[in-house]
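Enquirer: This is a predicted model, with the sequence first.
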Amino acid sequence: MMSIDKPTIRKSPLYVKLKNDRVECRVCERRCKISPGGKGYCKTRVNWKGDLYTLTYGDLSAVESRPIEIKPFFHFWPGSTAITISTWSCNFPCPWCQNWHISRTLPNPETASYTPPEYIISKAVEYGDEGTCVSFNEPIMLFEYSLDLFKEAKEKGLYNTYVSNGYMTIEALDLLIKNGLDGLKIDVKGDLEIYKRVLNADGTIPWRNAEYALEHGVHVEIVCLLVTGISDSELIIDWIIEEHLKRLGPETPIHFTRYYPAYRYREPPTKIDKLEYAYKKARREGILFPYIGNVAGHPYENTYCPNCGNAVIKRYGYSIVKYRLTEDKKCEYCGTRIPIKGKLIQK
C-alpha cells in the first residue's frame, strides 16, 4: 500500500471534493474525477482518502542551465540563461513528442529522489542564471513545486518561465502568476479539429490562457510545431495566424518550428517551404514578429524592425550575434520601439 509520508508527495491546492470521497482535479482542463486510491489522466496526482496529492513535488528528471533562446523566448531577457527543470509524464498524448523519454515515464514515489526548491535556486545563482524555467515535459505536472520555486526565485531577483502546452485551468494559471510567473511560452498543436481528434482536448483553452496571461502582465510567445501531415497545411497555418492576431495582437511573437521524426510519428521533417509560407503569411496578415525555428542559420530566426526592415537582433542557433537596440529598446536605425521584456545579457 502506498504511503504519502514522502517528500515528493504533497497535497495539491487545486481540487474539489465530490461525493463518496471522490475528487475533481482543477490543475488542468481535463478536470479528472478521481476515485479513492485512483490517479488522473497524467498519473501525477492521486486521490488519497478524499484529498488530492501530487506525486512529483521535487521529483526532477532534469536540472540544467540553458539559454532562454532555446525555449524559445526571443523577446524576453535576450542572451540570458535559466536554470531549467522537469519532472515526469504529460497531460497530452502527442505521437510526435520530442521529449517522450520523460513525458511517457510515470512518476514512481518508491524510487523518487527529492530536490528542494532552495537547491534549484542555489544552483541558478551558482551558474549565473537570470531565471528559472520549467520545461522539457509539460510543466503543469510540476505545478505545486513551481509555486514554491517561483517564490524562492523572486526573493533572489530571478525571473520565472513556463514552456507549456497551455492546458492548465485559469485557477492554476492565476496561482502561477500570483507566485511570480513572468514568461509563458505556449505550444499550439494545430486547429480545433487536431486537438479533438489527436489529443481529445479543447483547442480553445491554450489561446484562452495565452490571452489571460498577456492581460495579466505575463510575457507570452507562441510556438507552432508544423508537423508533417498533421499541422503543416496552409488551411491550418492560416487559421492559427488569424487566431493569434484576434487573441494576442500583432506584437506577440509567434514561432513556426520544424518538426523532426520522434517517438511514434515517423513522417519526414517539415519542408522548409511550409515554414517559409507560415512566416510570410504571418507578416502579410500583420504579425510583426514571426520566426522560423529548428533551422539553424535561417534568416527568419532574426528579429527585424517592422518599420525600417533592418535586422535588430541577429541569431545563430541559440546565440545572439548582433544586437542593434538602444538601452530603451528602440531600433538603432529608425528609433522604432521593439517590445522586449528584460535587458540584454552578455556572457
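Expert: Cool, the structure landed. As the structure is a prediction and not an experimental result, all values here were calculated from the model.

Enquirer: list the contacts for Cys133?
Expert: Contact partners of Cys133, counting by C-beta atoms under 8 Å, 6 or more residues apart in numbering, are Arg66, Ile68, Lys71, Ala82, Ile83, Thr84, Ile85, Asn160, Thr161, Tyr162, Val163. The C-beta positions use only the backbone N, C-alpha and C, and glycine is treated the same way.

Enquirer: With adjacent residues omitted, what lies nearest to it?
Expert: Ala82 (4.0 Å; C-beta to C-beta, 6 or more residues apart in numbering).

Enquirer: so the one you found makes contact with Tyr127?
Expert: No - contact criterion C-beta atoms under 8 Å: Ala82 and Tyr127 do not qualify, at 9.5 Å.

Enquirer: residues shared between the contacts of the two?
Expert: Ser65.

Enquirer: Pick out whichever of those two has more residues nearby.
Expert: Legend: neighbour count by other C-beta atoms under 10 Å for Ala82 and Tyr127, higher for Ala82 (31 against 13).

Enquirer: sec struct for the more buried one, please.
Expert: Following DSSP: H, G, I helix; E, B strand; the rest coil, the label given to Ala82 is strand.

Enquirer: Just name the closest of the contacts of Cys133 to Trp96, please.
Expert: Val163 (16.4 Å; C-beta to C-beta).

Enquirer: and the closest one, what element?
Expert: In this structure, Val163 sits in strand 159-164 according to DSSP states H and E.

Enquirer: Run me through the strand neighbours of that strand, direction for each.
Expert: Taking DSSP bridges as the criterion, strand 159-164 forms sheet pairs with strand 131-134 (parallel), strand 183-187 (parallel).

Enquirer: orientation of the top strand by length along the chain relative to strand 159-164 in degrees?
Expert: Taking DSSP state E as the criterion, the chain has its longest strand at strand 219-226. Strand 219-226 and strand 159-164 meet at an angle of 30 degrees, taking axes from the mean of the first three to the mean of the last three C-alpha atoms, to 10 degrees as the criterion.

Enquirer: what pairs with strand 219-226, and is each one parallel or antiparallel?
Expert: By DSSP bridges, strand 219-226 pairs with strand 183-187 (parallel), strand 254-258 (parallel).

Enquirer: Rebuild the ones you listed as a markdown table, extending it with mean pLDDT.
Expert: As requested, those are exported to a markdown table (pLDDT from 0 to 100):
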| stretch | mean pLDDT |
| --- | --- |
| strand 183-187 | 99 |
| strand 254-258 | 99 |
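
Enquirer: now the ones you listed in CSV, with distance to Ile34?
Expert: Below are the strands paired with strand 219-226 laid out as CSV (distance: least, C-beta to C-beta, whole Å):
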stretch, distance to Ile34
strand 183-187, 26
strand 254-258, 35
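
Enquirer: on that earlier part again, pLDDT on the longest strand of the chain, on average?
Expert: Averaging pLDDT along strand 219-226 yields 99.

Enquirer: and if you look at stretch 70-87?
Expert: pLDDT averaged over stretch 70-87 gives 98.

Enquirer: got the CA positions of it in CSV?
Expert: Coordinates of each C-alpha in stretch 70-87 appear next as CSV, following Å, rounded to 0.1, in the frame of the first residue of the first chain:
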residue,chain,number,x,y,z
ILE,A,70,16.3,27.6,-26.8
LYS,A,71,12.8,27.7,-25.2
PRO,A,72,12.3,29.7,-27.5
PHE,A,73,11.8,33.2,-25.9
PHE,A,74,13.1,35.8,-28.4
HIS,A,75,11.7,38.9,-26.8
PHE,A,76,12.4,38.1,-23.2
TRP,A,77,15.7,38.7,-21.4
PRO,A,78,17.8,38.2,-24.6
GLY,A,79,21.1,36.4,-24.0
SER,A,80,20.2,35.2,-20.5
THR,A,81,20.2,31.7,-19.2
ALA,A,82,17.7,29.9,-17.0
ILE,A,83,18.0,27.0,-14.6
THR,A,84,15.7,24.5,-16.3
ILE,A,85,13.9,21.7,-14.6
SER,A,86,11.4,19.0,-15.4
THR,A,87,9.6,16.0,-13.9
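
Enquirer: Identify the bridge partners of the residue nearest to Tyr127 when sequence neighbours are not counted.
Expert: Nearest non-adjacent residue to Tyr127, counting by C-beta to C-beta, 6+ apart: Ser65, 4.3 Å away. As for beta bridges, Ser65 partners with Ile83 under DSSP bridges.

Enquirer: For the residue positioned nearest the centre of the chain, which non-adjacent residue is closest in space?
Expert: Closest residue to the average C-alpha location of the chain: Val163 at 1.6 Å, with C-alpha atoms, centre = their mean. Among residues not flanking Val163 along the chain, Ser135 sits closest, at 3.9 Å (C-beta to C-beta, 6+ apart).
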